[in-house]
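Novice: Got a predicted structure here, sequence first:
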Amino acid sequence: MATVTDWNVIVTVVPGPRHVSEVLGALARFGRFSPTSFNDVCVGRVSDVPATLEAIGHARALQKDWGLAVGHVVFVETTFAFEPDRLVDEVKRRAQPLCERVPEGSVCVRVKRRGLAGRVHSQQVEQAIAEHIITMAESAGKRLSVSLSDPDYVIVIETLDAVAGIGLITRAQRERYPFMAVR
């Protein structure tokens, strides 16, 4: 079972009887997965991200029940506990390695907040982090723009109460694996 901060993937599951157990059973061959306290939200730790993505994509293409029960998948590169009033500062500090991998093009920041209603405001975090990323890019001589509709890169921040994960999703990943699309 993945611990609170020991995960590198969030999988949401389409609501339905036994969907969570079917998805977790199928994904168990790739790593440790467990449900969270949030309905139809699971976390896991896998070592082979490409193989996991391919397996989910293949199961969906074959219309396997468990594959169709997968709603959304986000891999993150780092997880950390945070204080709600310090989330922006923590993300700014931890997002730098991701930003260094973004060459030029368009970027979008998306926050999926679970828990902490009224204490973490997703849009405010998104705006502050996007401004920070643009500033970092400019200081490195890169040209980045913000695109909310179809960005080249999405910096994604997933929270489960006071634990966050940060990841980078490319346009190529979203096109190959539609279940990675950030809404």
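Specialist: That came through, no problem.

Novice: how would you label the residue of the chain positioned farthest from its centre: helix, strand or coil?
Specialist: Relative to the centre of the chain, the most outlying C-alpha is that of Gly141, 27.2 Å out, by Cα atoms, centre = their mean. Here Gly141 is coil, with the state taken from DSSP: H, G, I helix; E, B strand; the rest coil.

Novice: For it, give me the pLDDT.
Specialist: What the model reports as pLDDT for Gly141 is 92.

Novice: So the residue positioned nearest the centre of the chain, which state does it fall into?
Specialist: Nearest to the geometric centre of the chain sits Val74, at 3.5 Å (Cα atoms, centre = their mean). Classification of Val74 using three-state DSSP returns strand.

Novice: That one and Gly167 touch, don't they?
Specialist: Yes: between Val74 and Gly167 there is a contact at 5.8 Å, judged by Cβ atoms under 8 Å. Glycine gets a C-beta too; all of them are placed from N, C-alpha and C.

Novice: Common neighbours of the two, please.
Specialist: Shared contacts of Val74 and Gly167, defined by Cβ atoms under 8 Å, 6 or more residues apart in numbering, are found at Val156, Glu158.

Novice: Could you find the closest non-adjacent residue to the residue nearest to the centre of the chain?
Specialist: Distance criterion Cβ to Cβ, 6 or more residues apart in numbering; nearest residue to Val74, sequence neighbours excluded, is Ile10 at 5.0 Å.

Novice: Output the helix or strand hosting that neighbour in CSV with nothing but the alpha carbons.
Specialist: Here Ile10, judged by DSSP states H and E, is contained in strand 9-13. Provided in CSV are the C-alpha atoms of strand 9-13 (Å, rounded to 0.1, in the frame of the first residue of the first chain):
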residue,chain,number,x,y,z
VAL,A,9,0.6,8.3,-9.9
ILE,A,10,-3.0,9.3,-9.2
VAL,A,11,-5.7,7.3,-10.9
THR,A,12,-9.3,8.4,-10.9
VAL,A,13,-11.8,5.7,-11.5
